[in-house]
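Asks: Build the 3D model from these lines:
(chains A and B)
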Amino acid sequence: MTAKWFIDASYFAVAVVFILALKAMSSPVTARRGIVWGGIAMVFATLVTFATPGLHNFGWMIVAIVSGAAVAWWSGKTVKMTDMPQMVAIYNGMGGGAAAAIAALEFARGEVHGPVVTTLAVLGALIGSVAFSGSCIAFAKLQGIMKKAWRLPAQNAVNVVLALVTVGLGIAIIAAPSIDPVLVIVFFVLALILGAILTSPIGGADMPVVISLLNAFTGLAVGFEGYVLGNPALIVAGIVVGASGTLLTQLMAKAMNRPISNVLFTPISGAASGGG
Amino acid sequence: MDGFTAIYIFMLAAFTGYEVISRVPVILHTPLMSGSNFVHGVVLVGAMVVLGHADPESPLQLAIGFVAVFLGAANAAGGYVVTERMLAMFNKSGSSKKEGAQ
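Replies: Here you go, the predicted structure:
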């Protein structure tokens, strides 16, 4: 029991430090300190998690952490300063993908019980998948891999229909008495497509705002999966990022003099640009 | 955790997130976005727990768990490096504006 108490106390401390770090990062004087505190808290949280009772597969875990961190560390260190925004996008997409993968694994293990837990798992999976594929498209565009902004005919209608179908599938998963693997797979595929087609028509100048929005999405997804896993540190960090990310998105859109709805629904690159 | 406790946590965390950055100056928008991107890298902790509970006999579960931990670790490490580099640039040149973002 003491191990569990120690872990819970550590997660609490980590959540507090994350909030203080974000607070510090919103002022130019203390910003540098903020990220360092956050980094220490993150390393501490990772180390403490190894002591969680009942875990196995430590070999895989260490290989995944070392390889993932090494790839990201190296790419983050070597990238040119002007290429930073797309790096933020791709790391954010990875976070969303991680949240979606957590949900997928909980479904595969059949460990999702009860309507509330299933609902939040499905929501986290949906938002996380959208953030993942959306961020990948954002990365591809800023990196110059994807040069043209392609727009489907009747883009907004397609978006709405696809979103409704995906949500409908999500509700079917929640309502089903047991987890249906086919339903879950189709659901994930549609959620990934949705993220991609939502982001693809958006032009380069609007990208920072979209990345910020996807960042808020990932935060929400992490918070919801935190509830599924019963981990308050994930809930607090995720929802704090979700809320601050939403506010930040609004502030960024305002700084550009472009309402957020214009960014999403009447992209500059599109034929039907009315506002802005 | 019962339902209402969770809703209280969600509600308080949402207000905290909103308040904590409400006075951010425009030049810090991009670094703060990157910083909050780093903070949700804590998803790594959740990914480690699910991989740790995955059935070692099931390649599918191991694969999904591995991907989750890999992506989570990349989110945390990459988010940290990028934010650190952005803010380091800030310190050196005082009030120089960030290019490429605003």
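Asks: can the helix or strand where A:L198 lies be found next to chain B?
Replies: Element membership of A:L198, judged by DSSP states H and E, is helix A:181-199. No: Helix A:181-199 stays clear of chain B (CB under 8 Å from any CB of the partner chain), getting no nearer than 9.9 Å. All C-beta atoms are positioned from the backbone trio N, CA, C, and that covers glycine.
Asks: In terms of secondary structure, what does the longest helix seen in chain B contact?
Replies: Scanning chain B for the longest helix, with DSSP state H as the assignment, gives helix B:59-92. Helices and strands touching helix B:59-92, by 3 or more CB pairs under 8 Å, 6 or more residues apart in numbering or on different chains; DSSP states H and E, are helix A:31-49, helix A:58-78, helix A:84-109, helix B:29-39, helix B:43-53.
Asks: Counting by contacts, list what the third one packs against.
Replies: Read that as helix A:84-109. Contacts defined by 3+ CB pairs under 8 Å, 6+ apart place helix A:84-109 against helix A:58-78, helix A:115-143, helix A:181-199, helix A:207-229, helix B:29-39, helix B:43-53, helix B:59-92.
Asks: Turn the ones you listed into JSON lines, including distance to A:I239 and mean pLDDT.
Replies: Converted to JSON lines, those look like this (distance: least, CB to CB, whole Å; pLDDT from 0 to 100):
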{"stretch": "helix A:58-78", "distance to A:I239": "24", "mean pLDDT": "96"}
{"stretch": "helix A:115-143", "distance to A:I239": "12", "mean pLDDT": "94"}
{"stretch": "helix A:181-199", "distance to A:I239": "20", "mean pLDDT": "94"}
{"stretch": "helix A:207-229", "distance to A:I239": "4", "mean pLDDT": "95"}
{"stretch": "helix B:29-39", "distance to A:I239": "11", "mean pLDDT": "94"}
{"stretch": "helix B:43-53", "distance to A:I239": "13", "mean pLDDT": "96"}
{"stretch": "helix B:59-92", "distance to A:I239": "17", "mean pLDDT": "92"}
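Asks: Excluding chain neighbours, what is closest to residue 25?
Replies: If you meant another chain, say so; for now it's chain A. The spatially closest residue to A:M25, leaving aside those adjacent along the chain, is A:G34, at 3.8 Å (CB to CB, 6 or more residues apart in numbering or on different chains).
Asks: To clarify, I was referring to chain B.
Replies: Using CB to CB, 6+ apart, the nearest residue to B:P25 is A:P28, at 6.7 Å.
Asks: what about the one you found, neighbour count?
Replies: Number of residues near A:P28 (other CB atoms under 10 Å in any protein chain shown) recorded here: 17.
Asks: for B:Y18, same thing?
Replies: Using other CB under 10 Å, B:Y18 is surrounded by 16 other residues.
Asks: ok now do it, which residues does it touch?
Replies: A:A243, A:S244, A:T246, A:L247 (CB atoms under 8 Å, 6 or more residues apart in numbering or on different chains).
Asks: switch the cut-off to 10 Å
Replies: A:V240, A:G242, A:A243, A:S244, A:T246, A:L247, A:L248 (CB atoms under 10 Å, 6 or more residues apart in numbering or on different chains).
Asks: tell me which of those residues is nearest to A:L220?
Replies: Distance ranking of these against A:L220, using CB to CB, places A:G242 first at 3.9 Å.
Asks: And the residue of the stretch 101-250 of chain A closest to chain B?
Replies: A:A243 (3.1 Å; CB to the nearest CB).
Asks: Confirm for me that that residue is in contact with B:V39.
Replies: No: look at A:A243 against B:V39 with CB atoms under 10 Å: they stay out of range, at 11.9 Å.
Asks: Tell me which of the two has more neighbours.
Replies: Shown here are A:A243 and B:V39; by other CB under 10 Å, B:V39 has more neighbours (36 against 25).
Asks: And the residue nearest the centre of chain B?
Replies: B:H40 (2.2 Å; CA atoms, centre = their mean).
Asks: picking that back up, out of the contacts of B:Y18, who's nearest A:L142?
Replies: A:L142 lies nearest to A:L248 out of the contacts of B:Y18, by CB to CB, at 18.3 Å.
Asks: Next up, the contacts around the closest residue to the closest one other than its chain neighbours.
Replies: Spatially, and ignoring its direct neighbours in sequence, A:L248 is nearest to A:S212 (5.4 Å; CB to CB, 6+ apart). Contacts for A:S212 (CB under 10 Å, 6+ apart) come out as A:88-89, A:92, A:245-253, A:260, B:29-30, B:32-34, B:36-37.
Asks: Give me the pLDDT value at residue 42.
Replies: This is for chain A. pLDDT, A:M42: 97.
Asks: not quite, I wanted chain B
Replies: On pLDDT, B:V42 comes in at 96.
Asks: which phi and psi does A:A13 have?
Replies: Phi and psi for A:A13, reported as degrees, to the nearest 10, are phi -60, psi -40.
Asks: before we move on, back to that, what is the mean pLDDT for the strand or helix carrying the residue of the stretch 101-250 of chain A closest to chain B?
Replies: Using DSSP H and E, A:A243 sits in helix A:232-255. Across helix A:232-255, the average pLDDT comes to 94.
Asks: quick one, it and helix B:29-39 angle?
Replies: With axes from the mean of the first three to the mean of the last three CA atoms, to 10 degrees defining the directions, helix A:232-255 sits at 160 degrees from helix B:29-39.
Asks: Quick one: distance of helix A:232-255 to the chain centre.
Replies: A distance of 11 Å separates the centroid of the chain from that of helix A:232-255, by CA atoms, centre = their mean, to the nearest Å.
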